[in-house]
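Student: Show me the folded form of this:
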Amino acid sequence: AKDIASGQCDIGIANTYYYGLMLNKEPDRKPWAEAVKIIMPRFVDGGTHVNISGMAIARHAPNLAQVRILADWMVGDKAQSIYARQNFEHPVKPGVALDPTVQAFGPLTPDATPMGDIAKNRKQASMLVDQIGFNAGPGS
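Tutor: Residues are numbered from 1 along each chain as shown. You can find the predicted model right below:
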(Lines give C-alpha, C1' and ligand atoms only; values in the text may rest on other atoms or scores of the structure.)
Protein backbone atom coordinates (compact mmCIF):
# COMPACT_ATOMS: atom_id res chain seq x y z
CA ALA A 1 0.00 0.00 0.00
CA LYS A 2 2.86 2.36 0.80
CA ASP A 3 4.45 1.76 -2.59
CA ILE A 4 1.13 2.16 -4.39
CA ALA A 5 0.54 5.45 -2.56
CA SER A 6 4.02 6.67 -3.53
CA GLY A 7 3.61 5.64 -7.17
CA GLN A 8 6.31 2.94 -7.07
CA CYS A 9 3.86 0.26 -8.19
CA ASP A 10 0.33 -0.12 -9.45
CA ILE A 11 -0.76 -3.35 -7.83
CA GLY A 12 0.01 -5.35 -4.71
CA ILE A 13 -1.03 -8.50 -2.92
CA ALA A 14 -1.77 -8.33 0.79
CA ASN A 15 -3.86 -9.86 3.51
CA THR A 16 -7.06 -7.91 4.08
CA TYR A 17 -6.37 -7.36 7.77
CA TYR A 18 -3.43 -5.10 6.95
CA TYR A 19 -5.80 -2.74 5.15
CA GLY A 20 -8.21 -2.70 8.09
CA LEU A 21 -5.37 -1.93 10.50
CA MET A 22 -3.96 0.85 8.31
CA LEU A 23 -7.34 2.45 7.77
CA ASN A 24 -8.66 2.18 11.32
CA LYS A 25 -5.82 1.80 13.82
CA GLU A 26 -2.65 3.26 12.27
CA PRO A 27 -3.25 6.97 11.57
CA ASP A 28 0.20 7.48 10.01
CA ARG A 29 -0.58 4.73 7.48
CA LYS A 30 -4.17 5.71 6.71
CA PRO A 31 -3.12 7.62 3.55
CA TRP A 32 -1.60 4.40 2.23
CA ALA A 33 -4.89 2.58 2.76
CA GLU A 34 -6.81 5.39 1.12
CA ALA A 35 -4.56 5.13 -1.98
CA VAL A 36 -5.59 1.58 -2.81
CA LYS A 37 -8.70 -0.16 -4.03
CA ILE A 38 -9.35 -3.62 -2.64
CA ILE A 39 -10.22 -6.26 -5.20
CA MET A 40 -11.09 -9.71 -3.92
CA PRO A 41 -9.46 -12.07 -6.42
CA ARG A 42 -11.33 -14.97 -7.92
CA PHE A 43 -9.71 -17.56 -10.05
CA VAL A 44 -11.34 -19.54 -12.84
CA ASP A 45 -13.48 -22.21 -11.22
CA GLY A 46 -12.08 -21.22 -7.83
CA GLY A 47 -12.15 -18.58 -5.16
CA THR A 48 -9.97 -16.40 -3.01
CA HIS A 49 -7.07 -17.85 -1.05
CA VAL A 50 -7.78 -17.74 2.68
CA ASN A 51 -5.00 -18.10 5.25
CA ILE A 52 -5.64 -20.81 7.78
CA SER A 53 -5.64 -20.21 11.52
CA GLY A 54 -5.88 -23.29 13.62
CA MET A 55 -5.79 -24.72 17.09
CA ALA A 56 -4.32 -28.07 18.01
CA ILE A 57 -4.68 -30.06 21.18
CA ALA A 58 -1.65 -32.06 22.29
CA ARG A 59 -2.43 -35.74 22.59
CA HIS A 60 -1.31 -35.86 26.22
CA ALA A 61 -2.60 -32.46 27.31
CA PRO A 62 -2.99 -32.59 31.10
CA ASN A 63 -5.97 -30.22 31.07
CA LEU A 64 -7.93 -31.64 28.16
CA ALA A 65 -11.34 -30.57 29.50
CA GLN A 66 -10.22 -26.93 29.86
CA VAL A 67 -8.60 -26.95 26.41
CA ARG A 68 -11.85 -28.16 24.87
CA ILE A 69 -13.75 -25.39 26.67
CA LEU A 70 -11.31 -22.82 25.25
CA ALA A 71 -11.51 -24.32 21.75
CA ASP A 72 -15.32 -24.27 21.84
CA TRP A 73 -15.30 -20.65 23.04
CA MET A 74 -12.83 -19.61 20.31
CA VAL A 75 -15.21 -20.74 17.57
CA GLY A 76 -18.31 -19.37 19.30
CA ASP A 77 -20.22 -16.23 18.35
CA LYS A 78 -18.67 -13.93 20.96
CA ALA A 79 -15.01 -14.80 20.30
CA GLN A 80 -15.49 -14.82 16.53
CA SER A 81 -17.18 -11.42 16.70
CA ILE A 82 -14.30 -9.99 18.75
CA TYR A 83 -11.79 -11.53 16.35
CA ALA A 84 -13.59 -10.10 13.30
CA ARG A 85 -13.84 -6.59 14.76
CA GLN A 86 -10.34 -6.36 16.26
CA ASN A 87 -8.35 -8.12 13.52
CA PHE A 88 -10.34 -7.19 10.41
CA GLU A 89 -10.57 -10.81 9.32
CA HIS A 90 -13.35 -13.09 8.22
CA PRO A 91 -14.77 -15.13 11.10
CA VAL A 92 -14.54 -18.88 10.77
CA LYS A 93 -18.13 -19.26 11.93
CA PRO A 94 -20.85 -18.48 9.36
CA GLY A 95 -23.34 -15.85 10.42
CA VAL A 96 -20.94 -13.82 12.56
CA ALA A 97 -20.97 -10.20 11.37
CA LEU A 98 -17.98 -8.82 9.51
CA ASP A 99 -16.36 -5.57 10.50
CA PRO A 100 -17.77 -2.84 8.19
CA THR A 101 -14.29 -2.26 6.70
CA VAL A 102 -14.03 -5.91 5.66
CA GLN A 103 -17.65 -6.03 4.52
CA ALA A 104 -16.89 -3.15 2.13
CA PHE A 105 -14.40 -5.37 0.25
CA GLY A 106 -17.31 -7.30 -1.19
CA PRO A 107 -18.21 -10.96 -0.92
CA LEU A 108 -15.57 -13.56 -0.19
CA THR A 109 -15.69 -16.84 -2.05
CA PRO A 110 -13.07 -18.99 -0.33
CA ASP A 111 -11.04 -21.28 -2.55
CA ALA A 112 -12.18 -24.84 -1.89
CA THR A 113 -8.90 -26.56 -2.81
CA PRO A 114 -8.24 -29.21 -0.16
CA MET A 115 -5.35 -28.36 2.18
CA GLY A 116 -3.60 -31.60 1.21
CA ASP A 117 -3.48 -30.47 -2.43
CA ILE A 118 -2.11 -27.08 -1.40
CA ALA A 119 0.52 -28.72 0.80
CA LYS A 120 1.68 -30.91 -2.11
CA ASN A 121 2.63 -27.74 -4.02
CA ARG A 122 4.16 -25.78 -1.11
CA LYS A 123 7.78 -26.42 -2.00
CA GLN A 124 7.30 -25.57 -5.68
CA ALA A 125 5.34 -22.42 -4.80
CA SER A 126 8.01 -21.31 -2.33
CA MET A 127 10.72 -21.84 -4.94
CA LEU A 128 8.73 -19.77 -7.45
CA VAL A 129 8.36 -16.91 -4.94
CA ASP A 130 12.14 -16.95 -4.44
CA GLN A 131 12.87 -17.25 -8.17
CA ILE A 132 10.84 -14.19 -9.13
CA GLY A 133 12.04 -12.16 -6.15
CA PHE A 134 8.51 -11.55 -4.87
CA ASN A 135 9.66 -10.77 -1.35
CA ALA A 136 12.48 -8.48 -2.51
CA GLY A 137 10.10 -5.57 -3.02
CA PRO A 138 9.86 -2.92 -5.73
CA GLY A 139 12.74 -2.57 -8.15
CA SER A 140 13.92 -6.13 -7.72
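Student: Please measure how far the first residue of stretch 32-47 sits from its last one.
Tutor: Stretch 32-47 has an end-to-end distance of 26 Å (criterion: C-alpha to C-alpha, to the nearest Å).
Student: and it, which residues are buried?
Tutor: Within stretch 32-47, the residues scored as buried using 16 or more other C-beta atoms under 10 Å are Trp32, Ala33, Val36, Gly47. Placement of C-beta: from N, CA and C, glycine included.
Student: quick one: secondary structure of the first one?
Tutor: In this case it means Trp32. helix (DSSP: H, G, I helix; E, B strand; the rest coil).
Student: Could you number the chain from 735 rather than 1 from now on?
Tutor: Renumbered: residue one is now 735, and that last one reads Trp766.
Student: how about it, what does it touch?
Tutor: Going by C-beta atoms under 8 Å, 6 or more residues apart in numbering, Trp766 touches Ala735, Lys736, Ile738, Ala739, Met756.
Student: Alright, that wraps it up for me.
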